[in-house]
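>>> return a 3D structure for these sequence lines:
(chains A and B)
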Amino acid sequence: MSEESVLIVEDLTQTYVSGSRPLTVLKDVSFQVRRSEACAIVGPSGSGKTTLLGLCAGLDRPTSGKVVLDGLELNRLNEEELAEVRNRKVGFVFQTFQLIPTLTALENVMVPVELRGETGVRERARDLLDRVGLADRTGHYPAQLSGGEQQRVALARAFINQPAILFADEPTGNLDADTSQHVDDLIFQLNREAGTTLILVTHDVELAERTERIIKLRGGRIVSDAPQLQEVSRRLP
Amino acid sequence: MNLRSAWIDPWVWRMAWRDSRSSRRRLLLFTSSIILGVSALVAISSFSANLRMAIDEQARSLLGADLSLISRTPFEEADQPLLSQVGGEQALQASFSSMAFFPRSADFRLVQVRAIEGNFPFYGKVETDPPSAADEYRQGPGALVDDALMQQFEVGVGDPVRLGEFTFTIAGRLLDIPGEAVAFSVAAPRVYIPLAYLEQTRLIQPGSRVRYRNFVRFEPGTDVEAHVTQLEPRLRERGLRWDTVEERKRRLGRAMENLARFLNLTGFIALLLGAIGIASSIHLYVKQKRNTVAVLRCVGARTRQVVTVYVVQALAMGLVGALTGSLLGIGVQLLLPRVLSDFLPVSIPFAVSWLAVAMGTGIGLGFALLFSLLPLAPIRRISPLVALRADFEAVAARRDPVQWALGALIAGCVCLFAIAQTERWVYGLFFFLGLAVAFGLLVGVAKLIMRTVRRSFPAGWAYVWRQGLANLYRPQNQTLVLMLSLGLGTFLIVTLYLVQSTLLSQAALTAGGNRPNLVFFDIQSDQRDEVREIISASGSPILQDVPIVTMRLQSLKGRSVEELREDDNRSQPRWLLTREYRSTYRDHLIETERVVGGRWIGRLEGAGQAAPISLEQEVASELEVELGDQLVFDVQGIPISTYLASIREVEWQRVQPNFFAVFPAGVLEEAPQFHVLVTRAENTQQSAALQRAVIQSFPNVSTVDLGLILRTVDTILDKVAFVIRFMALFSFFTGLTVLAGAVITSRYQRLQETVLLRTLGASRRQVLQIMVIEYVLLGLLAAATGLILALGAGWGLAYFLFETTFLPPGLPILAAILLVVVLTVLIGYLNSRSLLDRPPLEVLRSEAAA
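The predicted structure is shown next:
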């Protein structure tokens, strides 16, 4: 195991019971992701992408295999400790934005930090909203924002706790092309600035190609795992 | 982080506040369903605290004296030494039933006469109009007459009233007698006269049932109880019973506590319904919060933190509801004395019992919280994965043990509350089980209806009908909770109504055919022939001519009654041992009797033998006598030996004399006796004319006619039903509040549907039709379910308890259904109107934040 690896996945298998028969969604998946690496997980619908993301982020428990996130073996943690890990080390961006409808943009951004009992986070949240271009929308509720605006609020929320790793599930799947472009740019920009590791699940080939590495899933197995040449070359001195 | 730290976590409170932002109005609406229940509890508890206080404060005026000695025979010279020993200031009262005749209107009525000598009441005041009449009637031959009776016969102060052979002048109207409730004067209105004139009425004749009381007032500071204990042996020896202020207070206190408990339980049902309403609203609320919970879990909120956020909301909501309910309760408390006025023997001052308010608020809050926790528990199981995939369902279909535990806790609390209220665990348990059965039946019927609608869905019906019908069983439907709340309310109200109408129609039924409907009693032997003649002359048949001999039990199976009375281990009730038996003799059985044991012997053959008597079956079993057992009766000084020859079943409901003990012919013919004549008048005019004729010739003869009984039963039932209906209204209106809550809660689902329908081109009219159809059906089903249960309960009560035919009245039942439906539709419409009158997109925008 390299010291550089922030995420280690070993022999991960996930089986659900659907009706009365077991359904294997992931089968013996193993890979590692280095710190600050940007990595895309691609594959057709039902290939197990979202399941893999959920397991890596500690949202679910695997049937077998293990996940080590920033040095912590998730299997050994109980639910409350997993919540702590998600709060301190993980950021999320969802396809459906998942802002809390009853909170303003600013309050949505503050939630992860406020949860820890930290105070004085308002300024930091404002800064982040400013950086995603929503300085004038802080008091708006999600229903009053456009899709692109909502996703930018979600981005600010994901970065407020300076996560070690950011999981993004089809972040632009619900947005039109122009807005998508803007949100994509923001993700990569913030990611680079914060030195965060990025795990991106997507259908979007163009988006995947902007990462350094693409892991292809099919039928619950990894069918290819290759670094992106241009990204590699870009990283070379 | 443990639960305690979740409670002090500022984020939890901040989040609870922020998250409630768009749903505060809705949350407040949920709370409104417990408001009525809490207000009923607070009002009744506070009221009964006042009642207790009033009984304590007015205790002496309840009896009107410190001590009352009660006798069946007049106090005579021989009693003087005993009465002197009793001491204090004394006053006498003789009370008995008699006919009062009002010459001005030629009306007459069976009344309770109270002839008084001395300064009774010593404490408290008989209220009269004019007020001075309370004293003035004693001066001349004056009478105080029950106000309701005077109003009924349209007689006034100064008019004459004849009792027996003496005519009194009405000195005033009797408005209020301390210690007596108005409701009980309906059966026997009171007439007060001075004792000095009793003789001249000639109403006291052999066989008259007169109760003599000697009222005593002691010097202040006398220990009455101790004095009585000291006197006890001599009082017993004289055969006196007695009543003290403490004793009266205890009895009255008990009766009033029972009333308060009954009302409290009714209020509690309303609270339970409200709590169920809250549970169902929270259930939907939680469903809508599923995503928020998942997102919070994703960003690192702990389970306890998230659960506590919603518990805090529920707690705040419960608190608002309970406090509002308590405030309203204080208002309701103002109404209660008016609702209950006919049943209250004391006047009730208004004071708020803060203990009652605190307890009501506490119970309301407790139940609101308990019932909220039930639907809040699943929040623990919402997986953060839901944020990733909306369709994710954890494998948590299995029942959650925490929910089971909460269910058991709720059942336990309800049971405990019922036991605490009834103070007898058996009653409490029965109340709980009864409630459980009623709830179970309502739920059962609701589910059956939903399943039936789904199974045999009328696919050929018009679109709006199908849509409205389908709303009954589709996910998020309100059918069950409305069935429960509206159904239970309807059930309670209709059952009461059915019982009342059944009792009345039963009484009316006994008037049918050739059955007796008029009874003359207290006829002396020398008056008998003439009364018979008057009856025959009026064209009415003499259906029965019954001799009555009064007697007491002297010994039972060889043991004297005195001995039995002293025996603490006996199981016979005291009243059966010491009462005056009014028995008859004849050589045949009558229509209302049937021998169920032994052999009926109609005549005593051979002098000097024990007489073969027949006892009514209940009495025989209470006295624990079997066929052949010896009983000796004291017939006005002469012991008569008898043995139990037969046991009879008696149909008591008929308007005619029936007897505990029937002697054979050939035993009592020579004993002092009086007579009862039973006849049948064809109509009320004939009945009135006949009664007038008899009373004018024989003023001591009293009559009871079926019309009077019917009116009395009706009046008393009306008064009782009014109180019960008043309480049932709390349940009913709680049902409507729950409905309003349910409509608002399901608004978001309805909203999306409505917007979709309208976007697809449905007219406002069509959407409205769907809605009206759904609520009409809901109201109909709830009312019908309540009605079916009420019919079942009514039939059960009629068949088992009143042993009569069940005749449900049709029209009022239809009216009840209609009312429930109209109210349901109205509330449904008022709460959904805003969705109909605005453009779809505007609605979506403004409500989406919810």
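>>> check whichever residue of the stretch 201-350 of chain B sits closest to chain A and give its pLDDT.
Taking Cβ to the nearest Cβ as the measure, the stretch 201-350 of chain B has B:G300 as its residue closest to chain A, at 2.3 Å. All C-beta spots, glycine's among them, are computed from the backbone N, C-alpha and C. For B:G300, the pLDDT comes out at 90.
>>> quickly note the distance from the residue nearest to the spatial centre of chain A to chain B.
Nearest to the geometric centre of chain A sits A:F167, at 0.8 Å (Cα atoms, centre = their mean). A:F167 sits 9 Å away from chain B, going by Cβ to the nearest Cβ, to the nearest Å.
>>> next up, the contacts around that residue.
A:L53, A:C56, A:A57, A:V90, A:G91, A:F92, A:V93, A:I199, A:V201 (Cβ atoms under 8 Å, 6 or more residues apart in numbering or on different chains).
>>> list of residues touching the strand or helix carrying the first one?
Put plainly, it is A:L53. Assigned by DSSP states H and E, A:L53 belongs to helix A:49-56. The set of residues external to helix A:49-56 that reach it, using Cβ under 8 Å, 6+ apart, is A:7, A:9, A:12, A:14, A:25-26, A:29, A:41-43, A:60-62, A:67, A:69, A:167, A:169, A:199, A:201, A:217, B:385, B:388-389.
>>> keep only those of those residues that are in strands.
A:7, A:9, A:12, A:14, A:25-26, A:29, A:41-42, A:67, A:69, A:167, A:169, A:199, A:201, A:217 (DSSP state E).
>>> tell me which residues of the longest helix anywhere in chain A are tucked away?
Selection of the longest helix in chain A by residue count, based on DSSP state H, yields helix A:177-194. Buried residues in helix A:177-194, counted by 16 or more other Cβ atoms under 10 Å in any protein chain shown: A:T179, A:S180, A:V183, A:D184, A:L186, A:I187, A:L190, A:N191, A:A194.
>>> burial of residue 109, as a residue count?
I'll assume chain A. Using other Cβ atoms under 10 Å in any protein chain shown, A:V109 has 31 neighbouring residues.
>>> right idea, wrong chain: chain B
With other Cβ under 10 Å as criterion, B:R109 counts 19.
>>> surely it is in contact with B:A188?
No - applying Cβ atoms under 8 Å, one finds B:R109 not in contact with B:A188, separated by 9.4 Å.
>>> show me what contacts B:T642?
Per Cβ under 8 Å, 6+ apart, neighbours of B:T642: B:A610, B:A611, B:P612, B:I613, B:Q630, B:L631, B:V632, B:F633, B:F663.
>>> buried subset of the contacts of helix A:49-56?
A:7, A:9, A:12, A:14, A:25-26, A:29, A:41-43, A:60, A:62, A:67, A:69, A:167, A:169, A:199, A:201, A:217, B:385, B:388-389.
>>> shared neighbours, B:R109 and B:A188?
With Cβ under 8 Å, 6+ apart as the test, B:R109 and B:A188 reach no residue in common.
>>> so whichever residue of chain A sits closest to chain B is in which element?
Closest to chain B within chain A is A:N87: 2.3 Å, counting by Cβ to the nearest Cβ. Assigned by DSSP H and E, A:N87 belongs to helix A:79-89.
>>> kindly report the same for B:G428.
Applying DSSP H and E, one finds B:G428 within helix B:425-455.
>>> what's that helix packed up against?
helix B:245-288, helix B:401-422, helix B:479-509, helix B:764-796 (3 or more Cβ pairs under 8 Å, 6 or more residues apart in numbering or on different chains; DSSP states H and E).
>>> and after that helix, which helix or strand comes next?
Later in the chain than helix B:425-455, the nearest helix or strand by DSSP H and E is helix B:463-470.
>>> circling back to that earlier point, got the contact list for the helix or strand following the helix holding A:N87?
Per DSSP H and E, the first helix or strand lying C-terminal to helix A:79-89 is strand A:90-93. With contacts defined as Cβ under 8 Å, 6+ apart, strand A:90-93 is touched by A:57-58, A:69, A:98, A:151, A:154-155, A:157-159, A:161, A:163-169, A:171, A:187, A:196, B:298-300, B:387.
>>> same thing but at 7 Å, please
For strand A:90-93, contacts defined as Cβ atoms under 7 Å, 6 or more residues apart in numbering or on different chains pick out A:57, A:154-155, A:158-159, A:161, A:163, A:165-168, A:171, B:298-299.
>>> what's the answer for stretch B:365-372, then?
Here stretch B:365-372 has contacts from B:34, B:271, B:275-276, B:278-279, B:282, B:314-315, B:318-319, B:321-322, B:409-410, B:413, using Cβ under 7 Å, 6+ apart.
>>> what is the mean pLDDT for that stretch?
Stretch B:365-372 shows a mean pLDDT of 92.
>>> may I have it as CSV, with CA atoms only?
Taking C-alpha atoms only, stretch B:365-372 is exported to CSV below (Å, rounded to 0.1, in the frame of the first residue of the first chain):
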residue,chain,number,x,y,z
LEU,B,365,-47.8,16.7,26.1
GLY,B,366,-46.9,13.2,27.1
PHE,B,367,-49.4,11.6,24.8
ALA,B,368,-48.5,13.9,21.9
LEU,B,369,-44.8,13.0,22.4
LEU,B,370,-45.5,9.2,22.8
PHE,B,371,-47.6,9.1,19.7
SER,B,372,-45.1,11.2,17.7
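>>> circling back to that earlier point, quick check: mean pLDDT of the helix holding A:L53?
On average, helix A:49-56 scores 91.
>>> now that helix, how far from the chain's geometric center?
Centroid displacement of helix A:49-56 relative to its chain, using Cα atoms, centre = their mean, to the nearest Å, is 10 Å.
>>> again with stretch B:591-605
Worked out by Cα atoms, centre = their mean, stretch B:591-605 lies 38 Å from the chain centre.
>>> report the buried residues of it.
Using 16+ other Cβ under 10 Å as the test for burial, stretch B:591-605 gives B:E593, B:G597, B:G598, B:W600, B:I601, B:L604.
>>> restricted to strands, list those.
Counting by DSSP E, the part of the buried residues of stretch B:591-605 found in strands is B:E593, B:G597, B:G598.
>>> confidence score at B:F633?
For B:F633, the model assigns a pLDDT of 94.
>>> ok, it - how many residues close by?
23.
>>> surely it is within a helix?
No - when DSSP: H, G, I helix; E, B strand; the rest coil is applied, B:F633 is found to be strand, with no helix at that position.
>>> contact residues of chain B facing chain A?
Within chain B, the positions near chain A by Cβ under 7 Å from any Cβ of the partner chain are B:1, B:11, B:18-19, B:21-22, B:291-292, B:295, B:297-303, B:384-385, B:387-389, B:845, B:848-849.
>>> now the helix or strand containing B:A143: average pLDDT?
Using DSSP H and E, B:A143 maps to strand B:142-146. Mean pLDDT, strand B:142-146: 93.
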